[in-house]
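Enquirer: Curious how this folds, go ahead:
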Amino acid sequence: MQPIDMNSPEFQLELEKTWSFIEKVNTQFGFVQNPNAEVNEGVALGLARNKILYGKRYCPCFMVIGQTKEEQKAADNRICPCKPALEKEIPQDGLCHCGIFCTPEYFKAQTMEAQLEEAVHQHSRGLTQEEATLLLKQEQLDGDELEALLEARSLGMIGFTLVDVREHMEFRMGHIVGTDLLIPTSQFYIKIEEINSKKEEAIIVYCHTGSRSFQVQHAMYSLGFKHVGNLQHGIISYGGETQRG
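Expert: Numbering: from 1, shown residues only. Below you'll find the model as predicted:
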């Protein structure tokens with residue numbers, strides 16, 4: 001099989017037709033394209049390539065089985081937009097296997113996550129209330145994310161209880177500013193009763209490296225707490241303000 005020249009007039013014409021085809025599919029089914037432009041470009045190039053090679057827009061994420069048109073038809077190769085995508089992948093996952101066709105809800109969620117990632121890790125700006133609420137739902141947090149949540153809490157955007165699960169000596173040597181409660185793991189089942197009234201509220205736990213707090217997180221789930229986040233790598237990963245005493 002001869003390689004295709006992407007710069008040839010034939011390919012460029014077919015690529016233009018392919019983009020028109022993609023827009024028609026979006027309009028027909030109410031889809032939108034992936035927020036990642038590189039995903040869309042790669043799939044569009046593959047669809048155009050397959051149309052030239054095989055006469056059909058076979059999904060470029062799968063190998064085309066069969067040498068002849070009859071063999072290809074018998075092999076039930078996926079033709080875009082394919083049946084598995086329409087009936088299962090997009091309704092369940094929000095996007096097709098190749099990733100070019102998405103639901104508006106998936107597009108919005110992915111766009112928000114990208115904005116959240118930029119705000120948290122590049123410190124380009126503070127979180128919006130919607131972003132802070134979304135981040136607070138995560139079960140595993142890194143240091144930057146906890147710092148951003150504490151800032152959002154100080155601005156009244158969200159509410160949560162920050163719990164140190166280390167021992168008293170560790171706490172006195174240094175703890176995160178904004179810690180609300182100390183519940184040492186050695187006294188966990190006794191001290192946890194102090195916050196039994198918060199089972200429906202957001203709680204974030206932390207320890208030195210994240211191991212004890214991970215265990216506490218799951219112990220709290222077993223006791224009926226609904227929203228427990230964990231500082232994944234512990235206080236040693238936290239770059240925000242700490243204090244002794």
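Enquirer: Contact partners for Ser211?
Expert: Taking C-beta atoms under 8 Å, 6 or more residues apart in numbering, we find Ser211 in contact with Gly234. Quick note: C-beta positions are derived from backbone N, CA and C, even for glycine.
Enquirer: ok, 10 Å please
Expert: When contacts are counted by C-beta atoms under 10 Å, 6 or more residues apart in numbering, Ser211 touches 185, 230, 233-234.
Enquirer: roughly how far apart are it and Leu231?
Expert: 11 Å (C-beta to C-beta, to the nearest Å).
Enquirer: that older thread, can I get the buried part of the contacts of Ser211 as one PyMOL selection?
Expert: Of the contacts of Ser211, the buried ones can be selected in PyMOL as follows, counting by 16 or more other C-beta atoms under 10 Å:
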select buried, resi 185+230+233+234
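Enquirer: what two of the contacts of Ser211 are the furthest from one another?
Expert: Thr185 and His233 (17.1 Å; C-beta to C-beta).
Enquirer: Could you list every helix and strand that the lengthiest helix in the chain packs against?
Expert: Ranked by number of residues, the top helix in the chain under DSSP state H is helix 9-29. For helix 9-29, the packing partners by 3 or more C-beta pairs under 10 Å, 6 or more residues apart in numbering; DSSP states H and E come out as strand 32-33, helix 37-54, strand 101-102.
Enquirer: winner for burial among these?
Expert: Across these, the average number of neighbours (mean count of other C-beta atoms under 10 Å) peaks for strand 101-102, which reaches a mean of 26.
Enquirer: Please identify the buried residues of the following helix or strand past that one?
Expert: On the C-terminal side of strand 101-102, the nearest following helix or strand under DSSP states H and E is helix 104-121. Residues 106-107, 110, 115-116, 119-120 are the ones in helix 104-121 that count as buried (16+ other C-beta under 10 Å).
Enquirer: now swap in stretch 78-98 and tell me
Expert: Those would be 78-82, 85, 89-90, 94-98, for stretch 78-98 by 16+ other C-beta under 10 Å.
Enquirer: which helices and strands does the lowest-mean-pLDDT helix or strand in the chain pack with?
Expert: When each helix and strand of the chain is scored by mean pLDDT, DSSP states H and E, helix 104-121 comes last, with a mean of 83. On a contact count with 3+ C-beta pairs under 10 Å, 6+ apart, helix 104-121 meets strand 32-33, strand 101-102, helix 129-136, helix 143-154.
Enquirer: Alpha carbons only: can I get it in CSV?
Expert: The C-alpha trace of helix 104-121 is given here as CSV (Å, rounded to 0.1, in the frame of the first residue of the first chain):
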residue,chain,number,x,y,z
PRO,A,104,-21.7,19.0,25.5
GLU,A,105,-21.6,17.8,29.1
TYR,A,106,-18.3,16.1,28.6
PHE,A,107,-16.8,19.1,26.8
LYS,A,108,-17.8,21.4,29.6
ALA,A,109,-16.4,19.1,32.3
GLN,A,110,-13.1,18.6,30.5
THR,A,111,-12.8,22.4,29.8
MET,A,112,-13.4,23.1,33.5
GLU,A,113,-10.8,20.5,34.6
ALA,A,114,-8.2,22.1,32.3
GLN,A,115,-9.0,25.6,33.7
LEU,A,116,-8.8,24.2,37.2
GLU,A,117,-5.5,22.5,36.5
GLU,A,118,-4.1,25.8,35.3
ALA,A,119,-5.4,27.8,38.2
VAL,A,120,-4.2,25.4,40.8
HIS,A,121,-0.8,24.3,39.6
